[in-house]
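1. the following comprises the amino acid sequence and a computationally predicted model.
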Amino acid sequence: MCADKCILIVDDEPNVRLMLRTALESSGYTVAEAVDGLAALERLGAETGAFALIVLDLRMPRLDGMETLRRIRERRDPTPVVMLTAHGSVPDAVAAMKLGAIDFLAKPVTPGQLRAVVAEVVARNAEAPADAPAPAAPEGRPSFAFELARARRAINRGNFIEAESLLREILDNDPEAQEARALFDRLNTLKEREGHGSFRMLREWFPG
């Protein structure tokens, strides 16, 4: 099992898959490929939990990226997904985030851009694995760091309602928690931008 270093690339263009594979393998990742959404779903079904990240093209024959993402989430597969498209738009980005994508890159993407996003997503997702038990705080509640990481993951998935609930619980227990307050402010800004029809990439809110 190499889940923390395995990336699944889903794109119908061989040249794009080659570029993405080369960029990621040069950074030490193991890369698997699927030529379209149906092939990706078959692979994910056969290799549950095998991948740290899915790079998913939006426009593909047979099954497009948006429907593929929908089916991935219907299976309750929590694998992070970065959408990739030459036809990107703000509505597409917002729709993808609501379905659970955590970033959205427009072609042509440079190797450096791809590596930076993949490294950040993989590292951030590792902060609070979905199946990890919550470490207990002295008073019996989950630790502050764990709950804050859960809130970040909820924002990553575009689940603003869950993120707000988690942050409110943190602040109820510790009203002076500055990191939680700062994250809550960022969440409100994201919600406001979404409501006005504009969406800034989530990575801008989480500088490395």
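-> That came in fine, so what should we check first? Numbers count the residues shown, from 1 in each chain.

2. any idea which helix or strand in this structure has the lowest mean pLDDT?
-> Lowest on mean pLDDT, DSSP states H and E among the helices and strands of the chain sits helix 90-99, with a mean of 72.

3. run the chain-centre distance for that one.
-> 12 Å (Cα atoms, centre = their mean, to the nearest Å).

4. and stretch 161-178, by the same measure?
-> Relative to its chain's centre, stretch 161-178 lies at 22 Å (Cα atoms, centre = their mean).

5. quick check: mean pLDDT across that stretch?
-> Regarding stretch 161-178, the rounded mean pLDDT is 88.

6. stretch 73-87 too?
-> Computed over stretch 73-87, the average pLDDT equals 85.

7. what's in contact with that stretch?
-> Contact with stretch 73-87 is made by 8, 11, 44-45, 48-49, 51-59, 65, 69, 72, 92-93, 96, 99-109, 117-118, 121-122, 125, 130, 156, as judged by Cβ atoms under 8 Å, 6 or more residues apart in numbering. Every residue, glycine included, has its C-beta placed from N, CA and C.

8. and stretch 167-186, by the same measure?
-> By Cβ under 8 Å, 6+ apart, stretch 167-186 touches 141, 144, 147-148, 151-152, 155, 164, 187, 205.

9. would you reformat the residues you listed as JSON lines and include distance to G37?
-> Output for those, formatted as JSON lines (distance: Cβ to Cβ, whole Å):
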{"residue": "R141", "distance to G37": "41"}
{"residue": "F144", "distance to G37": "39"}
{"residue": "E147", "distance to G37": "34"}
{"residue": "L148", "distance to G37": "34"}
{"residue": "A151", "distance to G37": "30"}
{"residue": "R152", "distance to G37": "28"}
{"residue": "I155", "distance to G37": "26"}
{"residue": "E164", "distance to G37": "31"}
{"residue": "L187", "distance to G37": "30"}
{"residue": "W205", "distance to G37": "29"}
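
10. quick check: which ranges of this protein have low pLDDT?
-> Scanning the chain for pLDDT under 70 picks out 1-3, 87-90, 93-94, 124-143, 156-158, 193-208.

11. just the contacts of stretch 73-87: which are in strands?
-> Residues of those located in strands (DSSP state E): 8, 53-57, 103-106.
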